[in-house]
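Participant: the sequence and its predicted three-dimensional model are supplied below.
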Amino acid sequence: MSRRADDPDNLSGRWQLDLSRSTVSPPPQELTITIHHEGQMLHADMAGVANDGSPFVQRFETQTDGSEGSSFLDGTALIGRSYWADRELVIETQFGAPDDLTTFRDHWSIDAGEGLLIMEHRDDPLAGTRSVFTRLSEATPLRR
């Protein structure tokens, strides 16, 4: 399923982690994510300060059409796929040795009523982790 810029489930925007509504362990001191979501392509630039005070940045990219091997973290290909399940984007990734892979499923959705981006793990080793983000601004279009 493709998403348009005017789609209510389009994840584009600049988002700030709301620690009071999140269950992340250990919690970062702060985290901002800028998402550019056009059609089936999603780019997420993350910047923050880890729990120990060290700054970090990461870039996540994925195609949301369910194709295998279409996700990247800081330019490195990930084993997994991203797809829509109703109004949620499910991002599956696998980590570990080839003969002992662990699958993670991150469920991303918009709570339009409250203007929130919710990322949660329900059915994987991180089950119970829930990150709630408030929108700081709309994202600017990607430069090609």
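Facilitator: Cool, got the structure.

Participant: could you use CA atoms for every contact and neighbour count after this?
Facilitator: Noted.

Participant: out of the helices and strands in this protein, which is least certain?
Facilitator: Sorting the helices and strands of the chain by mean pLDDT, DSSP states H and E puts strand 71-73 at the bottom, at a mean of 88.

Participant: which positions within that strand qualify as buried?
Facilitator: For strand 71-73, burial by neighbour count (16 or more other Cα atoms under 10 Å) applies to 71, 72.

Participant: so what touches the next helix or strand after that strand?
Facilitator: Counting by DSSP states H and E, the element after strand 71-73 in chain order, helix or strand, is strand 76-85. With contact meaning Cα atoms under 8 Å, 6 or more residues apart in numbering, strand 76-85 is reached by 1, 62-72, 89-95.

Participant: over to stretch 47-62?
Facilitator: 26-33, 41-46, 70-75, 81-82.

Participant: now those residues: which count as buried?
Facilitator: Buried by 16+ other Cα under 10 Å: 27-28, 30-33, 41-46, 70-72, 81-82, out of those.
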